[in-house]
Structures are given as structure tokens and as C-alpha cells.
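J.: Return atomic coordinates for the entry below.
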Amino acid sequence: VPNSFTPNGDGMNDTWNLNFTGYNDVSIQVFSKWGKLVFETSNPIIQWDGKYSGEDLPSGTYYYVLKLDDSVDQNGPLTIVR
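T.: Down below sits the predicted model:
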């Protein structure tokens, strides 16, 4: 799982890309450092642009929680660099 991306509009690494097409049940959540849920999806092909409610989130470290098929759980930091 990539731990950083740079959504600055330069066309390189502008989204957080994950592909879990081999799994039936996918859940991913991203939280701010204060614990606010800023992104959530069950889509196995994830391309998050670093926005919340249509607004750019600031540079910083966020925290992701990933669950795959009720058997694989992973979590960790995710850094947005603008």
C-alpha cells in the first residue's frame, strides 16, 4: 500500500491508487489526525484525490484502515504532500 501521494495537479502521483480486484469484500477508510473520517469506499479500484467534501485536504499525515474479505486487515500512515 503506497504511504504517500502528491495531489498537486502536476499529472504525477496525483491520486492514491490501490487495486484490490482479486477480493470480493473491500473496505478502506482514511482518517485525519483528529480521527475524522475523510474518505471511505468499498470500491476495489481506489483512486482518492486527497479531497474531502470537494475541498483539498492540507498536506500532512492521515491514517488508513484497510479490510479485505474479512481476513486481511492493514492500517498505517498516509501522507499528502502538496
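
J.: can you give me the strands in the protein?
T.: 4-5, 16-19, 26-31, 37-41, 45-48, 51-52, 55-56, 60-68, 72-80 (DSSP state E).

J.: Flag every buried residue along the fifth one.
T.: Going back to what we said before, that points to strand 45-48. Ile46, Trp48 (16 or more other CB atoms under 10 Å). In this view, the C-beta of every residue, glycine as well, is placed from N, C-alpha and C.

J.: Which elements pack onto it?
T.: Contacts defined by 3 or more CB pairs under 8 Å, 6 or more residues apart in numbering; DSSP states H and E place strand 45-48 against strand 16-19.

J.: distance between the strand it packs on and the chain's centre?
T.: Strand 16-19 has its C-alpha centroid displaced from the chain centroid by 8 Å (CA atoms, centre = their mean, to the nearest Å).

J.: Strand partners (parallel or antiparallel) of that strand?
T.: Listed by DSSP bridges, the sheet partners of strand 16-19 and their directions read strand 45-48 (antiparallel).

J.: Restricting the selection to alpha carbons, write the partner strand to CSV.
T.: Provided in CSV are the C-alpha atoms of strand 45-48 (Å, rounded to 0.1, in the frame of the first residue of the first chain):
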residue,chain,number,x,y,z
ILE,A,45,-10.1,0.1,-7.5
ILE,A,46,-9.4,3.1,-5.4
GLN,A,47,-8.1,6.5,-6.7
TRP,A,48,-8.5,9.0,-4.0
